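**Q** Got a predicted structure here, sequence first:
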Amino acid sequence: MKSRIRSQKKQLMIETLESRIMYSADLLVGFIDEPVSSGSEVKLADEAVTLLDRTYQQQDAVVSDTADELQGNRSELVVIDSRTPDFQFIIDNLASDGDRQFHVVLLEAGDDGIQKIGETLATGQSFSALHIISHSDGDSILLGSDQLDLDRAQAESEHLRAWAGGFTDDADLLIYGCNLAGGGAGQQLITTLAGLLDVDVAASDDLTGSQLMGGDWDLEYQIGEISTEVAVVNGIQWSGLLANVAPVLSGSNDLNGIDEDPVLNDGTLVSDLISGHFSDSDGPASGIAVVGVDNTNGDWQYSTDGGANWLSFGNLDQTSALLLAADGSSYIRFVPDSDWNGTVADGITFHAWDQTSGTAGGTADLSPDTDTFLDQFSNPPSYSNDHGTVSWSGAWVENDSAGPGGENNGNLKVKQGQLEIVPKTTGDYIYRQADLTGATSATLSFSYINTMSNAHLIELQVSDDGGANFTAIESFSTGSNFGLGTISTDVSAYIDNEFQLRFYVANGVNGNPNDNLNIDDVQIEFIHNTAIGGETAFSSAAFSSDIMVNPVNDDPTGLPVIIGPVEEDLTLNVDTSAIDDADGVGSFSYQWLRNGSVISGATQASYQLGDADVGQRISVQVSYTDGHSTPEQLVSLETAAVTNINDDPTGLPQIIGDAEEDETLIVDTSLIDDADGLGSFSYQWLRNGSVISGAILTSYQLGDADVGQRISVQVSYTDGHSTPEQLVSLETAAVVNINDDPTGLPLIIGPAEEDQTLNVDTSAIDDADGLGSFSYQWLRNGSVISGAILTSYQLGDADVGQRISVQVSYTDGHSTPEQLVSLETAAVANINDDPTGLPLIIGPVEEDQILNVDISAIDDADGLGSYSYQWLRNGSVISGAILTSYQLGDADVGQRISVQVSYTDGHSTPEQLVSLETAAVVNINDDPTGLPLIIGPAEEDQTLNVDTSAIDDADGLGSFSYQWLRNGSVISGAILTSYQLGDADVGQRISVQVSYTDGHSTPEQLVSLETAAVANINDDPTGLPLIIGPVEEDQILNVDISAIDDADG
């Protein structure tokens, strides 16, 4: 390690490095954890500046001596964060040490701490030690606006290396902050700083500060050899700790109320939301961390520049809390949706924020953590397992009546990876303790196998006072939680730093050794939030604020519109579709007005104009109550003056007389009346509504032009109010015609023979009443021929021998239907029609099969008669084959078969049809009869012969070939009519296979019956055994049998 030089006692000095940054320890007093704000503290800082100014005035006279003196002194730089509570007391303590020369740098909350310290160390002064007095959260140290942790140190490594230029060769870094060296992250930071600065480092691994609050000024964790003594000694009466204390939020204030659809919405200061509800023991800086907003009916927004710019909060939760300072520039507002009003309850939710970490306008993660205590009782047996994310407070503790056997023996023990409880003795128990400090909820779970019988009872108990009192929350017996299962139960009500769970034998019975309760995977899962409360920058509690959006009436838009003609006796309707109201439209009520005055009783959506309204102007008033209970009233524009409407006359002129050609019609006006008065009548007769020229009298004679027309009469006059009136009678029926018979007949042209076409000549027909369009109907012997309705008709089979005529119909010029029939033709002569289709042979074309004839395809326009049949072989008659079926025989094999069908048609014409020929008839083999017979004794060395005389074949026999068989298998080379038995055949059964090709080229094969097993005839052995060896006493003779052989084996 580096060699160390002890500090020499020097006179206390004032050293100015930078205005308002570095002061002598005996001059500058103030505060570290709080910004400079109180009157006394500002005055103190101002006095320091005044003193510094005087120092500058004296500098010219002493600078040389001072510089020389400083080179021989050990100067120590002390950096104090301004948020350290009552840092004036600490500086006073530093000043009381006359043996050391301290230089103090004060870091404000907004200062870049790394930069400020770097600037100080770059002034040319060499320091033997750097003391940093500030808050620590265990992972980092607070330096102004910097939170110096491992990540920050690595990111700023170049700037931190530059600090080394301001140190002496044996310099030390002493960091005073609670628990900085108490965990792995803080220790890594310390190691990194030691390497970057090339210094030895000391830091605290517990609370740093007042002994009354559990702290001290010892720096227990060191890297290298520390020669510098701590700057602050134990026993100092400073009453604080160098760890941040989270702010406390006791409630919240609601936002200032706003009106619906506000034109301007200035919002509410963040400071006003927490005013009276925020407290912080170690600093006045305040703010909020917003974790939720309700944007259901609008948009929550914030501003950090006094309202010049507004931003939406968007979607927030515990993982992305938005940080806002409680200053004069930070506002919150709610912008409601258009036309929405009401109370936004719990519209914005937030924690208190003391600004010791995080940046205003930024975000912070305040989400809780989940940890577990867990014992899985894994082998080897142990009561001290810690399988969870955190460690139990201690091992399992048992009270075992069987003796203190521990985890291996007794009624309570760990066995096969489970906790086994044998309930023999009431009062036996085992418990384990866990520290649930800071937990907000906790769940206890485990698996079990309960095999207890009789009256055994074990209780699961919990305690929140270290075991002084227990509460049973589950039980295990034959009737409760029996068999295999799991327990998971909420124990949040028992959260404590001395939480205990216990298995207690409430009723023990010394019985079956297999009556026990096995427990495994005992776990306590708990949720705690290390991001809030404690030493964090955020309060544990969160509160919400409401805002009231006041309703403001919106005037309705649009007017009711009167629809309908403004005339006497007509009905006016009101159209309200143009009416709208942002506050909501209610049910309408109506009041019609005449010249602005109420028309009594006219309260419906329609109004019928009457005599009282003629010449007046009409309007309508529509009333309703809007959605915010405001009564609204709208009046339509007035109509034009109501127009008078004439009273129509009553009654009609009436025509008297018959509506027939040449008759006279007379008009009767006696039924006509007019409330406005009658005038003199004038007349005009009408034909189908059109004027009949010159017919202007009270009577009219019907003529040819009127036939089929309808006649009416129009009567005109001017009523008593000078209104011209005109009435038209009802029309008569169509004037009846007197018919004239037609002359002439239709004439048939064309030969009366089958398949010929006849035409009708109508040129001789005439009718004085006028001819209409002709329609035709041809007749056979006077009866209708269906579908024959054209001017021509083609004669067919059905007409042969029949007489044809034609009927011509039309409607004459006076709508009289007329009908004329021609003279009949002579009987129609026949012309033969050839039949269609052919007979079809059905069936397999194979020997012995039966062929049938299908005649369903045969047709004949002249009619079919009875069929006769003749089967043909290659076109030649097969004698006697005259039926509808024919069985194929040997004579047909290889031949082609057809059939001839004959009949006489309906007009006595003989007809004959021949089917297509079949394919050549296929042969079907006839199996041979009989078997080959083996002749001769079945003995070794005898000869067997085959007798084929019993074999016969209807298809003819061919030349035989032979194959002798041994037990059904081929005997190689044995292909003659005889076979001599040998040693290989002894004990085997012999047969013979005879093969040939029959007269239809079909290969045939027959196998004889097998013989009895072939009898053996012994074969004498050959050769003798041979003795080998010297024929002398004590010699060994051997036998050689290699020359012995036997055909029988």
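**A** Yes, it's here.
**Q** For the stretch 151-300 of the chain, just list every one of the helices.
**A** For the stretch 151-300 of the chain, the helices defined by DSSP state H, counting those that start in this stretch occupy 157-163, 184-197, 270-274.
**Q** Please tell me how far the residue most central in space within the chain sits from residue 291.
**A** Nearest to the geometric centre of the chain sits residue 315, at 22.8 Å (Cα atoms, centre = their mean). Distance, residue 315 to residue 291, by Cβ to Cβ, to the nearest Å: 11 Å. C-beta here means a position set from N, CA and C on the backbone, and glycine is covered the same way.
**Q** Show the contacting residues for residue 414.
**A** 377, 381, 382, 383, 407, 408, 420 (Cβ atoms under 8 Å, 6 or more residues apart in numbering).
**Q** What strand or helix carries it?
**A** Assigning secondary structure by DSSP states H and E places residue 414 in strand 412-415.
**Q** related to what we said a few turns ago, which pLDDT does the model give the residue nearest to the centre of the chain?
**A** Here, the pLDDT recorded for residue 315 equals 90.
**Q** Could you check how far it is from residue 299?
**A** Residue 315 is 12 Å from residue 299, by Cβ to Cβ.
**Q** any idea where the helices of the protein begin and end?
**A** 39-71, 87-95, 113-121, 150-155, 157-163, 184-197, 270-274 (DSSP state H).
**Q** rank these by pLDDT, which is bottom?
**A** helix 39-71 - the lowest mean pLDDT of the helices of the chain, at a mean of 34.
**Q** Send me stretch 682-689 as PDB with only the CA atoms.
**A** Output of stretch 682-689 as PDB, limited to C-alpha atoms (Å, rounded to 0.1, in the frame of the first residue of the first chain):
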ATOM      1  CA  SER A 682    -124.100  25.100 -69.800                       C
ATOM      2  CA  TYR A 683    -123.500  21.600 -71.200                       C
ATOM      3  CA  GLN A 684    -120.800  19.700 -73.000                       C
ATOM      4  CA  TRP A 685    -121.200  15.900 -73.800                       C
ATOM      5  CA  LEU A 686    -118.000  13.800 -73.600                       C
ATOM      6  CA  ARG A 687    -116.800  10.600 -75.200                       C
ATOM      7  CA  ASN A 688    -114.300   8.800 -73.000                       C
ATOM      8  CA  GLY A 689    -113.700  12.100 -71.300                       C
END
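**Q** which stretches of the stretch 101-250 of the chain have low pLDDT?
**A** Scanning the stretch 101-250 of the chain for pLDDT under 70 picks out 234-235, 240, 242-243.
**Q** That one: strands as residue ranges?
**A** Applying DSSP state E, counting those that start in this stretch to the stretch 101-250 of the chain gives strands spanning 101-107, 127-133, 141-143, 146-148, 167-176, 200-203, 221-223, 248-249.
**Q** among those, which is nearest residue 634?
**A** Judged by Cβ to Cβ, the one of these that comes nearest to residue 634 is strand 248-249, at 52.2 Å.
**Q** what packs against that closest one?
**A** strand 278-279, strand 342-353, strand 538-550 (3 or more Cβ pairs under 8 Å, 6 or more residues apart in numbering; DSSP states H and E).
**Q** Ok, which of the strands of the stretch 101-250 of the chain comes nearest residue 977?
**A** strand 221-223 (118.4 Å).
**Q** I would like the residues contacting the closest one, please.
**A** 181, 187, 190, 191, 194, 200, 201, 202, 203, 204, 205.
**Q** let's see it at 10 Å
**A** Defining contact as Cβ atoms under 10 Å, 6 or more residues apart in numbering, one finds that strand 221-223 is touched by 172-175, 180-182, 186-187, 190-191, 193-195, 199-206.
**Q** show me where pLDDT drops low in the protein?
**A** 1-73, 234-235, 240, 242-243, 263, 282-284, 675-676, 721.
**Q** Put the buried members of the contacts of residue 414 into a ChimeraX selection.
**A** Here is the ChimeraX selection string for the buried members of the contacts of residue 414, based on 16 or more other Cβ atoms under 10 Å:
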select :377,381,382,383,407,420
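**Q** Please identify which two of the contacts of residue 414 are farthest apart in space.
**A** 382 and 420 (14.0 Å).
**Q** circling back: show the buried residues in the contacts of strand 221-223.
**A** For those, buried by 16+ other Cβ under 10 Å: 172-175, 180-182, 186-187, 190, 193-194, 199-205.
**Q** picking up where we left off before, show me the common contact partners of residue 315 and residue 299, please.
**A** residue 293.
**Q** can you give me the strands in the stretch 451-600 of the chain?
**A** 457-463, 471-476, 483-490, 499-507, 517-528, 538-550, 561-563, 571-575, 589-594, 597-598.
**Q** Residue 261: what's it in contact with?
**A** By Cβ under 10 Å, 6+ apart, the neighbours of residue 261 are 335, 336, 337, 338, 339, 340, 341, 549, 551, 552, 554, 582.
**Q** Name all residues that make contact with the closest residue in space to residue 171 that isn't next to it in sequence.
**A** Counting by Cβ to Cβ, 6 or more residues apart in numbering, residue 171 lies nearest to residue 199, which is 4.9 Å off, once chain neighbours are set aside. By Cβ under 10 Å, 6+ apart, the contact list for residue 199 reads 2, 129-130, 163-164, 167-174, 193, 223-224, 226.
**Q** Among the residues you listed, name the buried ones.
**A** For the contacts of residue 199, buried by 16+ other Cβ under 10 Å: 129, 130, 163, 167, 170, 171, 172, 173, 174, 193, 223, 226.
**Q** What is the nearest of these to residue 441?
**A** For the buried ones among the contacts of residue 199, the nearest to residue 441 is residue 193 (39.0 Å; Cβ to Cβ).
**Q** Could I get the contacting residues of the closest one?
**A** With Cβ under 10 Å, 6+ apart, residue 193 has these contacts: 132, 141, 148, 150, 153, 160, 163, 173, 175, 199, 201, 203, 223.
**Q** Please save the CA atoms from stretch 265-284 in CSV.
**A** What follows is stretch 265-284, C-alpha atoms only, in CSV (Å, rounded to 0.1, in the frame of the first residue of the first chain):
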residue,chain,number,x,y,z
ASN,A,265,-58.5,26.6,-17.6
ASP,A,266,-55.5,27.8,-15.6
GLY,A,267,-55.3,24.7,-13.5
THR,A,268,-54.2,24.2,-9.9
LEU,A,269,-50.7,24.6,-8.5
VAL,A,270,-49.2,21.3,-7.4
SER,A,271,-48.3,22.9,-4.1
ASP,A,272,-52.0,23.6,-3.5
LEU,A,273,-52.9,19.9,-3.8
ILE,A,274,-50.6,19.0,-0.9
SER,A,275,-50.7,22.1,1.1
GLY,A,276,-51.3,21.2,4.8
HIS,A,277,-50.8,17.5,4.1
PHE,A,278,-47.0,17.3,3.3
SER,A,279,-44.2,17.0,5.8
ASP,A,280,-40.6,16.0,5.6
SER,A,281,-38.2,15.8,8.6
ASP,A,282,-35.1,16.3,6.5
GLY,A,283,-35.9,19.0,3.9
PRO,A,284,-38.5,21.4,2.7
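**Q** Centre of the chain to that stretch, how far?
**A** 45 Å (Cα atoms, centre = their mean, to the nearest Å).
**Q** count of neighbours near residue 908?
**A** Neighbourhood size, residue 908 [other Cβ atoms under 10 Å]: 11.
**Q** so it touches residue 800, yeah?
**A** No. Between residue 908 and residue 800 there is no contact under Cβ atoms under 10 Å: 11.4 Å.
**Q** what sits in contact with each of the two?
**A** 830, 862.
**Q** The strand holding residue 414 pairs with which strands, parallel or anti?
**A** Its sheet considered, strand 412-415 pairs with strand 418-421 (antiparallel) by DSSP bridges.
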